[in-house]
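> how does the following fold in three dimensions:
(3 chains)
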Amino acid sequence: MRKLFAGLVVVAWAAATPATAADVVPGLLFDMGGKFDKSFNEAAYQGAEAFKKKTGIEYLEFEPTNEAQREQALRRMARRGANIIVGVGFSQTSAIETVAKEYPDVKFTLIDGVTEAPNVQSVVFKEHEGSFLVGMLAAMASKTGKVGFVGGMDIPLIRKFACGYEQGAKHAKDGTEVLVNMTGNTPSAWNDPTKGGELARSQFDRGADVVFAAAGATGVGVYQAAKDGGKLAIGVDSNQNHLHPGTMLSSMVKRVDVAIEEAFTDAMNGEWKSGLKVLGLAEDGVGWALDDNNRALVSAEMESALGAARKAIVAGDIEVADYSAGNSCDY
Amino acid sequence: MSTTASEAAPAGTSTGRAAAMAVELVGVDKSFGPVHANRQVDMAIEAGTIHGIVGENGAGKSTLMKILYGFYQADSGEIRVKGAPVRIRDPRDAIAAGIGMVHQHFMLVDTFTVLENLILGAEDQFWVRRSLDQARDELIAIERDYGLEVPPDALVAELPVGLQQRVEILKILFRGAETIILDEPTAVLTPQETDELFKILRRLKAEGKTVVLITHKLQEIMAVTDAVTVMRDGAVVGRVDTAKTSREQLAEMMVGRKVLLRVEKTPAKPGAPVLSVEGLTVTDEAHQPKVLDLSLEVRAGEILGIAGVSGNGQTELIEALVGLRGFTDGEVKLKGQSILSGYQSSDPRELRHLGLGHVPEDRLRMGVVVGFDASETAILGYHDDPAYNGRLLSDRAKVVAHCEELMQAFDVRPADPLLRTGSFSGGNQQKLVLAREIQRDPALLLVGQPTRGVDIGAIEFIHRRLIEMRDAGKAILLVSAELEEILALADRIVVMHEGRIVGEMPTAEADRRKIGLLMAGITEDAA
Amino acid sequence: MTGDGLPRWVDLALIPLVNLLVALLLAGVVVLLVGENPWEALKALVWGAFGSWDQIGYTLFYTTSLVFTGLAVAVAFHCGLFNIGGEGQALIGGLGVALVCLTLGDLPWPLLLPLAILGAMLFGGFWAFVPGYLQAERGSHTVITTIMFNFLAAILLNYLLVEVLIEPGQQVPQTARFPDAGHLPYAHEVLRALGVRTGPSPLNVTFLVALLAAGLVWLFLWRSRWGYELRSTGANEQAARYGGISPGRSIMLAMALSGALAGLLAINEVMGSQHRLMLGFSAGFGFTGIAVALMGRNHPVGVILAALLFGALYQGGSELAFEIPTFTSDMVVVIQGLVILFCGALENIFRRPIVAFFRQRTRETPQEAAA
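Numbering: from 1, shown residues only, chains lettered A, B, ... in the order given. Purely as a prediction, here's the structure:
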């Protein structure tokens, strides 16, 4: 009897231990488009995986296929006991707004969107700052004085990339011409490598020799076109330099992975705070990727110029105009 | 050899019959769902004869022949060719067994020459040219043997229908057929072409071939066959030697009761003109003239029959008169009032309100909607009549009641207004259409092929109703490809050839030969 | 009675059921290949669709959307037209709903709903009327034009949401939230008022609108003279012309009505659930409507049942993806695809054996009776 009781205690204790250690039950809600989009959602996935590898804590996840599933999935996670839920993408804004009210004890982190609630943390990135740096890089690498930009779906967020890129290009070399094309007006524009390739080729035909793609999986076609045409391309969101070493000039990384890992880790350590969190160059939330794959393409001069610009932006000496501030690109 | 065979024949059969059977069907049975198309059919066709198969629509003639030709498989039963059982799984097997078939709708490639059509499906050489050269010699031999002259290098599309039919027969002979099945072969022919065909059939017989003729025209059976098998409701009701029978007896066997083949009617008492057509010219979609400067008049209390081989502008004429087709020139008056003139097709609905009834020649294409239930088909053209409609919705009860009324008046069976139109037999569908158009009591009725695909029993009924209408002082314009029908019903006959009226006569003065020549475009002064 | 002489219940119930079972069987094989237990997956699917009030709510929410798009396809089909532009018509219908709700959103919902329905039907109807007009008057096939109009609708909506209707100061391409007064009551709110405790779901009063629409479509098609004209045109255009019916007019009417029904999807999604107009809210329901109509034999009752099936697949499928992490949302799409394949595109592959079976039986029965 006593033995049995002791056994029960041991079992109870054993069961309770991981619960106390892993007070945190994370959840991750992807955006439509799928978690393996080689870009935005995939970065989110990698962040969550990194957290899992470090802590051994499993997380809940869901990929919605229609609007109604967003709220549904958030509730489902909350009901399952998730206490830190990250929603990836601005489209989750209203869903998080709604569900956050229903579950005031659950922490929500919204990536790329802003909403105000005592239990919601909004994380946005200064994409324009990162784009500014790769814009400079493009202008300096260009021999023709013309650089290209291929956007995904024509929405304000992507115009924000384009706007920063243009400013950077002109900052590096006054008079640089920037060709801007958007892939389309529907969500399929995020996943149309064929059209991406075509747009890139047409920009090459018009004289551009470096192209920056901020277009999700459409970018894959852009990078391929650059490789085939012997031109240079710049990746986005994740570090995509490895895709075509030799023609991938760099990548404008947006550390969604870091943001997610941080949200989970902070929640675990009790350091999570609600409110707006803006990640720019200063916070290393955005940046440009330099690794073995593109080392040969980036000269010391470029590297130092970008380093100086980065410092100036962080210090506030260079102010990069933000398209989303007034929905226009005035600088 | 024939003597031994006849000795082997079972007692009771006429001498030599069993020995010389080209084709025998034993206990052939076939069902399509609840429809029992062939019931334990036994049939023997003597070699070297012309054998007729008659029966009403749906009696199972076509199904039986399609089983013989391998389009369908019998559920049970046996096929024997020259006494030996054979399995016929598809037309290829049938051809191998020496059986060929001329279909109602020719299976020819219009843009090929006669010779090319001949070897179609029988090319045995890699190079078509070599096959063609060999075929040419064979073709000439066959043409000589059977008196079937056709220019080998003419395009099929350019041949008249009668010659196209010869090409079909040649095709079958070319493949070595011993038994030739013809399914309603005279439907598309002029009387002269029909005579020509019969000559060919007799020649085939003389050369030792066996001919099976499927038809519903009893006079053709009488004219050309040696023996007849009569079918009714999927079963064989009898086999008679043609020489020992009569049209009346055959008709009775087909229908199962005595049938009046002649329409009883009194002489017409024509009144004032109801329809006058003046200089009408109608072109088709390709701007080819189909009706040319045509004038005619139909008076109250008479039936005007338009005779002619199908495709000589009758369809276009009727369509123009009912407002379904615009015309380029001319004027149409109904009771002295101009109703149609000019290029635009007018609204058939309005013309109906003016007292124009129309029984379309192609029932399935135009007259009924097979997917609708009978009550819905029964208001086609009148569906917006306030009698069937409430303020917003249609009044189902009235629609159904109306249909019941029609079904009763015209003896439509089964008298179920909610049954799908397509589930009725052709004759009953036609009765429904006639009921719909006649019950409105129109001043003018345009009737195209009123008895096409209709059983003999129903034909009698339909003819009587048309005569009754005439006697009630209505004007009727009748178009029919069946010369017999025109002769039986019409008071006056006009013959159409290539869009023109080439002759006109009172029925009393009409004879088949004269009309036949006119149908072929041969006017008397030319002839 | 069908042409091949099958009993009605076989045609309407057995054949769809066999198709569904085969589809599920194949889906089971797929589940096995992924290394999961098909039985568990099926249980998760069914439980996910009907396991609790809020899950039923989601199922019926999707059903509502699919009833509208299914009816849209069915109405066009009865006129012999293939409307595959439900997606675009729904989007434009959403524009109509949003304009009504943004300008008059302060009205209480019972007043606002009829106006929004009118907006959805007018806008969606117009978007389909144009292809209808092009087919009737110019002979451009609706299959081509409605597809193109899907793209045009998406582009137009995108432009308006990015440049014109976007909520000021936001960078998400969607309109501002509609005023609360005009929000349609949720089913869970009603249920809670009645004392039933349930989790929230987007199921709202539009469900009743969908049932009503199905009833009205039935009345229109089979009990009105316009429906008669429309069906005549679809079943036999020559006969319709013979009957004095203008096929062109019927085609335009059918398309406009079809588009209006597709537009009603927006009442459910935009007014009933999202409370704002956003991109891509139609989520492919316009296309799924084709399968719903096919499986429902283009009859309103069939459409409702088929919509329920597909609604359950959507909802159960998303629960399945959540319950079994190796089962991604793509796998759910595969299962839905299999159902569409067998119930829609291949619906006749089992017809032949079933017909043969019934023929044999009808033939054997009298013989047995004789013996």
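> up against chain A, what does the stretch 251-400 of chain B have?
Residues of the stretch 251-400 of chain B that fall close to chain A, judged by Cβ under 8 Å from any Cβ of the partner chain: none. Any C-beta I mention is one placed from the backbone N, CA and C, and that applies to glycine too.
> mind listing the strands for the stretch 251-400 of chain B?
B:273-283, B:289-299, B:303-307, B:329-334, B:337-341, B:356-359 (DSSP state E, counting those that start in this stretch).
> quick one: distance of the second one to the chain centre.
Looking back up the chat, that one is strand B:289-299. 25 Å (Cα atoms, centre = their mean, to the nearest Å).
> which parts of that strand are buried?
For strand B:289-299, the neighbour count (16 or more other Cβ atoms under 10 Å in any protein chain shown) marks B:289-292, B:294, B:296-299 as buried.
> outline the domain layout of chain A.
A:2-125+A:257-279, A:127-254+A:299-326 (automatic domain parsing).
> just name the most buried of those domains.
Among those, the stretch with the highest mean neighbour count (mean count of other Cβ atoms under 10 Å in any protein chain shown) is domain A:127-254+A:299-326, at a mean of 22.
> what ranges does the stretch 151-300 of chain A have for its helices?
Counting by DSSP state H, counting those that start in this stretch, one finds helices in the stretch 151-300 of chain A at the ranges A:156-172, A:193-205, A:219-229, A:256-269, A:300-315.
> okay, the angle between the first one and helix A:300-315?
Right, the one you point to is helix A:156-172. When axes from the mean of the first three to the mean of the last three Cα atoms, to 10 degrees is applied, the directions of helix A:156-172 and helix A:300-315 differ by 120 degrees.
> got the CA coordinates for helix A:156-172 in PDB?
What follows is helix A:156-172, C-alpha atoms only, in PDB (Å, rounded to 0.1, in the frame of the first residue of the first chain):
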ATOM      1  CA  PRO A 156       1.400  48.300 -49.600                       C
ATOM      2  CA  LEU A 157       3.800  46.000 -47.800                       C
ATOM      3  CA  ILE A 158       5.600  45.100 -51.100                       C
ATOM      4  CA  ARG A 159       5.600  48.800 -52.100                       C
ATOM      5  CA  LYS A 160       7.400  49.400 -48.900                       C
ATOM      6  CA  PHE A 161      10.200  47.100 -50.000                       C
ATOM      7  CA  ALA A 162      10.300  48.700 -53.400                       C
ATOM      8  CA  CYS A 163      10.400  52.200 -51.900                       C
ATOM      9  CA  GLY A 164      13.300  51.500 -49.600                       C
ATOM     10  CA  TYR A 165      15.200  49.700 -52.400                       C
ATOM     11  CA  GLU A 166      14.800  52.700 -54.700                       C
ATOM     12  CA  GLN A 167      16.100  55.100 -52.100                       C
ATOM     13  CA  GLY A 168      19.100  52.900 -51.400                       C
ATOM     14  CA  ALA A 169      19.900  52.600 -55.100                       C
ATOM     15  CA  LYS A 170      19.700  56.300 -55.600                       C
ATOM     16  CA  HIS A 171      21.700  57.000 -52.400                       C
ATOM     17  CA  ALA A 172      24.500  54.800 -53.500                       C
END
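> which elements pack onto it?
Packing partners of helix A:156-172 (3 or more Cβ pairs under 8 Å, 6 or more residues apart in numbering or on different chains; DSSP states H and E): helix A:127-141, strand A:146-153, strand A:177-184, strand A:210-214, helix A:300-315, helix A:323-326.
> now the buried residues of strand B:289-299 in a markdown table, with pLDDT and distance to B:Ser310?
Below are those laid out as a markdown table (pLDDT from 0 to 100; distance: Cβ to Cβ, whole Å):
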| residue | pLDDT | distance to B:Ser310 |
| --- | --- | --- |
| B:Pro289 | 87 | 17 |
| B:Lys290 | 89 | 12 |
| B:Val291 | 93 | 14 |
| B:Leu292 | 91 | 17 |
| B:Leu294 | 93 | 17 |
| B:Leu296 | 94 | 19 |
| B:Glu297 | 94 | 24 |
| B:Val298 | 95 | 21 |
| B:Arg299 | 94 | 26 |
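> output the below-cut-off pLDDT ranges for chain C.
In the predicted model of chain C, residues C:1-6, C:171, C:344-347, C:356, C:359-371 satisfy pLDDT under 70.
> the residue most central in space within it: what's it in contact with?
In chain C, the centroid-proximal residue (Cα atoms, centre = their mean) is C:Leu66; its distance is 2.5 Å. Residues near C:Leu66 by Cβ atoms under 8 Å, 6 or more residues apart in numbering or on different chains: C:285, C:288-289, C:292, C:306-307, C:310-311.
> determine which two of these are furthest apart.
Comparing all pairs in the contacts of C:Leu66 by Cβ to Cβ, the longest separation belongs to C:Phe285 and C:Ala306, at 12.9 Å.
> where does C:Leu338 sit, in terms of helix or strand?
Element membership for C:Leu338, per DSSP states H and E: helix C:329-340.
> tell me what that helix is packed against?
Using 3+ Cβ pairs under 8 Å, 6+ apart, the elements in contact with helix C:329-340 are helix C:15-34, helix C:285-295, helix C:300-323.
> right, I'll call it a day here.
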